[in-house]
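Asker: pasting the structure only:
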């Protein structure tokens with residue numbers, strides 16, 4: 001696995017450069033059709049553990065430092081890569097792993113026989129949490145929906161403070177409401193890009 005490793009202000013610089021590439025603002029060589037990245041665009045890491053150690057050094061001691069956590073990030077292209085990275089990072093933090101399983105259901109009674117619960121549980125959809133969500137106090141999570149436009153928007157980072165059966169207590173670790181504590185309960189989510197009506201709670 002080859003990944004780019006960066007942390008702190010370097011993360012912001014790489015994000016700006018990636019946006020420039022995506023927006024077509026980096027010149028393309030007319031003969032090769034390629035672009036040239038600046039020399040310090042990123043560092044290449046060959047092993048996943050080395051990547052984690054570069055971005056999250058001493059995570060077991062630093063996971064309560066919210067200012068530091070809010071500046072660290074690893075970007076991955078696929079959900080299964082994200083899950084693998086999360087699992088490895090979680091294992092470095094002390095504490096009990098708490099599992100939250102979604103309640104998945106078909107909303108149209110006529111479709112219930114065609115889409116069993118096991119099938120719904122297996123779906124990993126972009127912008128949706130997995131059916132089997134494993135969390136640990138001290139981890140950072142990201143909001144996937146605009147729950148409260150003034151406080152809880154898509155991409156708001158939160159640190160986990162307390163994990164209860166149907167409720168999680170969090171702290172906002174970035175932005176205008178930095179340090180504010182919030183509780184989040186189970187939320188119904190409805191995908192719009194499937195050929196059937198489905199709810200994940």
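Answerer: Now that the structure is in, tell me what you want to look at. Nothing here was measured: the structure is a model prediction, and the numbers come from that model.
Asker: so residue 94, which of the three states?
Answerer: Counting by DSSP: H, G, I helix; E, B strand; the rest coil, the backbone at residue 94 sits in coil.
Asker: what residues are up against it?
Answerer: Going by C-beta atoms under 8 Å, 6 or more residues apart in numbering, residue 94 touches residue 60. Bear in mind the C-beta positions are built from the backbone N, C-alpha and C, glycine included.
Asker: For it, give me the pLDDT.
Answerer: Here the pLDDT value assigned to residue 94 is 87.
Asker: Surely residue 81 is within a strand?
Answerer: No. According to three-state DSSP, residue 81 belongs to no strand; its state is helix.
Asker: so how many other residues sit close to it?
Answerer: Neighbour count for residue 81, taken as other C-beta atoms under 10 Å: 15.
Asker: can you pull the contacts of it?
Answerer: So residue 81 contacts nothing (C-beta under 8 Å, 6+ apart).
Asker: cool, and residue 154?
Answerer: Counted by C-beta under 8 Å, 6+ apart, residue 154 has contacts 143-146.
Asker: List of residues touching the biggest strand by length in the chain?
Answerer: Secondary structure of the chain read by DSSP state E shows that its longest strand is strand 157-164. Strand 157-164 has contacts (C-beta under 8 Å, 6+ apart) with 66, 69-70, 98, 135-143, 168-174, 181-182, 184.
Asker: In strands only, show me these.
Answerer: Filtering the contacts of strand 157-164 for strands - DSSP E - leaves 98, 135, 140-142, 168-172, 181-182, 184.
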